[in-house]
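Next come a sequence and a model predicted from it.
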There are 2 protein chains.
Amino acid sequence: MAKFKSFMEEALSEARKAAKREEVPVGAVIVNQYGLIVAKAGNRIRELSDPTAHAEILTIRQACKDKKSERLDGYRIYVTLEPCNMCLHAILNAKISKLYYGASDTSKALKISNILSENLCQKDFPLEIYPNINEDESEKLLKAFFLAKR
Amino acid sequence: MAKFKSFMEEALSEARKAAKREEVPVGAVIVNQYGLIVAKAGNRIRELSDPTAHAEILTIRQACKDKKSERLDGYRIYVTLEPCNMCLHAILNAKISKLYYGASDTSKALKISNILSENLCQKDFPLEIYPNINEDESEKLLKAFFLAKR
């Protein structure tokens, strides 16, 4: 299995654990420049009563804390769902180099490409983006979750 | 002194404390529906090695934790500087009702008004925005900080 697929598998595993906690099933994994996983998390918004406790932000905070730095240049993040705008900008603020994501967020009006083309810090720290990695599995999880909520 | 000016004074006091910690001097205060301050913070990005530790996010996390809810509808946030896109979306995610800010961020390419007009959740939770509150004092703090850094 391609390496990026196995990292997305880890992110999907975090998403499944999030669903069991009654959180929207989104998971994320951060990998350092040596290809080692340095942080993984699923959403914990309800559990922590924290609207910023999205999988991406939890992994960024963990990876930065361990690295004792607020910058993760050279690192990659794998997320099961296209990041919301808060998380996309957290990824940019952290200077992460590559973003891999699974399902596209069809509810997002402002597309990532528009945001990035307007983002001044992109000049110095361009973010490479790889969408649609294992997107079927991610969509299946999200659909099952929201169907059960109805 | 008008009430909103006194809340911005509190936010400015947090910004001054941030400058003393060698952080970009931005401060924020969250006020509940009864006009009581429920959280205040300045930036702690470097201190915590956390690129998400902006004043706004720290106050949102604190207020939500104390309220045991990930939603702050009816609450107001006062920030000394126009929020960055990460923080603006955190404010939207938290369903905060009113945003008061001081200085405008001239480096921002994507203006708040554009973002809000594209934001679908605005329909259900419109965010009222009041810019330029005590902006001179906020600008003075920021300029002094960046001048000293050169």
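Here it is on my side, so go on.

pLDDT-wise, which helix or strand of chain A ranks last?
When each helix and strand of chain A is scored by mean pLDDT, DSSP states H and E, helix A:112-118 comes last, with a mean of 67.

which is the next helix or strand following that one?
Going down the chain from helix A:112-118, the next helix or strand is strand A:128-130, by DSSP states H and E.

Mind listing what's buried along that next one?
For strand A:128-130, a neighbour-count test (16 or more other Cβ atoms under 10 Å in any protein chain shown) marks A:Ile129 as buried. C-beta here means a position set from N, CA and C on the backbone, and glycine is covered the same way.

now stretch A:52-70, how far from the centre of its chain.
On the basis of Cα atoms, centre = their mean, to the nearest Å, stretch A:52-70 is displaced by 11 Å from the centre of the chain it belongs to.

With just CA atoms, put it into PDB.
The C-alpha trace of stretch A:52-70 is given here as PDB (Å, rounded to 0.1, in the frame of the first residue of the first chain):
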ATOM      1  CA  THR A  52     -11.600  24.600  18.200                       C
ATOM      2  CA  ALA A  53     -11.000  21.000  19.100                       C
ATOM      3  CA  HIS A  54     -11.100  19.800  15.500                       C
ATOM      4  CA  ALA A  55      -8.800  16.900  14.700                       C
ATOM      5  CA  GLU A  56      -6.400  19.100  12.800                       C
ATOM      6  CA  ILE A  57      -6.000  21.700  15.600                       C
ATOM      7  CA  LEU A  58      -5.500  18.900  18.200                       C
ATOM      8  CA  THR A  59      -2.700  17.300  16.200                       C
ATOM      9  CA  ILE A  60      -1.100  20.600  15.400                       C
ATOM     10  CA  ARG A  61      -1.100  21.600  19.100                       C
ATOM     11  CA  GLN A  62       0.300  18.200  20.100                       C
ATOM     12  CA  ALA A  63       3.100  18.100  17.400                       C
ATOM     13  CA  CYS A  64       4.100  21.700  18.200                       C
ATOM     14  CA  LYS A  65       4.200  21.000  21.900                       C
ATOM     15  CA  ASP A  66       6.400  18.000  21.500                       C
ATOM     16  CA  LYS A  67       8.600  19.800  19.000                       C
ATOM     17  CA  LYS A  68       8.700  22.900  21.400                       C
ATOM     18  CA  SER A  69       8.100  25.100  18.300                       C
ATOM     19  CA  GLU A  70       5.100  26.800  16.800                       C
END
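
any weak-confidence spans in chain A?
The model of chain A has pLDDT under 70 over residues A:1, A:108-111, A:113-124.

mind listing the strands for it?
Remark: strands assigned in chain A by DSSP state E are A:27-31, A:37-42, A:76-81, A:98-103, A:128-130.

I'd like the ones you listed laid out as TSV, including distance to B:Asp50.
What follows is those, written out as TSV (distance: least, Cβ to Cβ, whole Å):
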stretch	distance to B:Asp50
strand A:27-31	14
strand A:37-42	13
strand A:76-81	16
strand A:98-103	19
strand A:128-130	23
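
now those as JSON lines including distance to chain B?
Below are the strands of chain A laid out as JSON lines (distance: least, Cβ to the nearest Cβ, whole Å):
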{"stretch": "strand A:27-31", "distance to chain B": "12"}
{"stretch": "strand A:37-42", "distance to chain B": "13"}
{"stretch": "strand A:76-81", "distance to chain B": "12"}
{"stretch": "strand A:98-103", "distance to chain B": "15"}
{"stretch": "strand A:128-130", "distance to chain B": "16"}
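
Which among those strands is found nearest to B:Ser49?
Among those, strand A:37-42 comes nearest to B:Ser49, with 12.9 Å by Cβ to Cβ.
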